[in-house]
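Novice: Okay, here's the prediction I keep looking at, along with the sequence it came from:
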Amino acid sequence: MTTDWVAEARRMARGRRFDELSCPPARQVDCPAPPLSETEICEAEAELGIALPDQYREYLLQQSAGVAVNRLHRSAAGWGWHGDSSTNYDLLTTNFPHPDSYRAYADELDTREPLTQNFADHNAYQAAWKQWDAEYEVFQERKTSGAVFIQDNGCGFSTLLVVTGPHRGSLWFDGRATCDQILPLNLGGQPVSFMDWLAHRSMDLVSW
């Protein structure tokens with residue numbers, strides 16, 4: 001069965017939040033967001049269908065629900081991360097894919113990009129390119145399955161916290177704005193922990 005990639009891209013786009021949560025929160029320098037309670041965290045986990053990584057969970061319980069990272073917050077629309085319109089909530093329960101798992105597909109997808117010289121009819125080319133572009137859009141969205149855009153680093157860059165799958169608890173740098181790569185953060189050759197990342201939050205943690 002041939003996939004209608006345009007329809008699939010539209011369906012997948014509905015997993016992002018474009019409500020009050022996607023708006024940047026007002027800065028609260030003098031009065032930062034308070035820690036969340038165990039009851040609130042359990043409620044958020046149940047609603048989102050995930051188990052938050054241990055160190056991030058402790059951060060929410062002991063330190064704050066925001067300030068250093070996008071704030072986990074309950075709005076009228078439910079639980080989500082304030083200031084974030086990139087996390088796909090429909091994909092949070094899907095395992096985060098290591099980049100090695102999709103390199104071959106990425107190469108194959110590139111080779112299938114429709115070229116005008118291969119089509120005698122311009123409308124046929126437009127239709128083919130529209131399907132290919134939608135497939136590429138779906139592919140890009142799936143790259144961050146099972147991950148939360150925990151911090152906006154500016155210029156199109158973000159830090160990801162993996163919440164589902166074998167890489168749960170690890171942090172990654174989304175550098176697709178320039179290098180089209182999602183790269184693991186590490187410290188001393190080891191995957192960086194959430195607390196270590198909070199202490200450093202430096203580009204030196206990126207494995208270029």
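Specialist: Great, that's in hand. The structure displayed is predicted, hence computed values, not measured ones.
Novice: contacts, neighbours, all on C-alpha from now
Specialist: Noted.
Novice: CA atoms only: put the longest helix along the chain into CSV for me.
Specialist: The single longest helix within the chain, with elements called by DSSP state H, is helix 122-142. Taking Å, rounded to 0.1, in the frame of the first residue of the first chain, the C-alpha atoms of helix 122-142 are listed here in CSV:
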residue,chain,number,x,y,z
HIS,A,122,5.2,19.5,-14.7
ASN,A,123,2.1,18.6,-12.7
ALA,A,124,3.4,15.1,-12.2
TYR,A,125,6.7,16.5,-10.9
GLN,A,126,4.8,18.8,-8.5
ALA,A,127,2.8,15.9,-7.1
ALA,A,128,5.8,13.7,-6.7
TRP,A,129,7.8,16.4,-5.1
LYS,A,130,5.0,17.2,-2.7
GLN,A,131,4.8,13.6,-1.5
TRP,A,132,8.6,13.4,-1.2
ASP,A,133,8.8,16.6,0.8
ALA,A,134,6.0,15.4,3.1
GLU,A,135,7.9,12.1,3.7
TYR,A,136,11.0,14.1,4.5
GLU,A,137,8.9,16.2,7.0
VAL,A,138,7.6,13.0,8.7
PHE,A,139,11.2,11.6,8.8
GLN,A,140,12.5,14.8,10.5
GLU,A,141,9.6,14.7,13.1
ARG,A,142,10.3,11.1,13.9
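Novice: Now do the end-to-end distance for stretch 110-118.
Specialist: 15 Å (Cα to Cα, to the nearest Å).
Novice: and it, how far from the chain's centre?
Specialist: Centroid separation between stretch 110-118 and its chain, computed with Cα atoms, centre = their mean, to the nearest Å, is 29 Å.
Novice: most remote residue from this protein's center?
Specialist: Taking Cα atoms, centre = their mean as the measure, the residue most remote from the mean C-alpha position of the chain is A120, 39.6 Å away.
Novice: Count the neighbours of the closest residue in space to F18 that isn't next to it in sequence for me.
Specialist: In space, and not counting its chain neighbours, F18 is closest to S85: 6.2 Å by Cα to Cα, 6 or more residues apart in numbering. Other residues within reach of S85, judged by other Cα atoms under 10 Å, total 19.
Novice: Check whether S85 sits in a helix, strand or coil.
Specialist: Following DSSP: H, G, I helix; E, B strand; the rest coil, the label given to S85 is coil.
Novice: So which other helices or strands are in contact with the longest helix of the chain?
Specialist: helix 5-13 (3 or more Cα pairs under 8 Å, 6 or more residues apart in numbering; DSSP states H and E).
Novice: Tell me which residues are up against the next helix or strand after the helix it packs on.
Specialist: Note on helix 5-13: by DSSP states H and E, the next helix or strand toward the C-terminus is helix 38-48. The contact list for helix 38-48, computed with Cα atoms under 8 Å, 6 or more residues apart in numbering, reads 51-52, 57, 60-61, 74, 78-80, 89, 92.
Novice: List buried members of those by neighbour count.
Specialist: With burial judged by 16 or more other Cα atoms under 10 Å, the buried subset of the contacts of helix 38-48 is 51-52, 57, 60-61, 79-80, 89, 92.
Novice: right, and the pair among those residues with maximum separation?
Specialist: L61 and Y89 (22.2 Å; Cα to Cα).
Novice: I appreciate the help and will end here.
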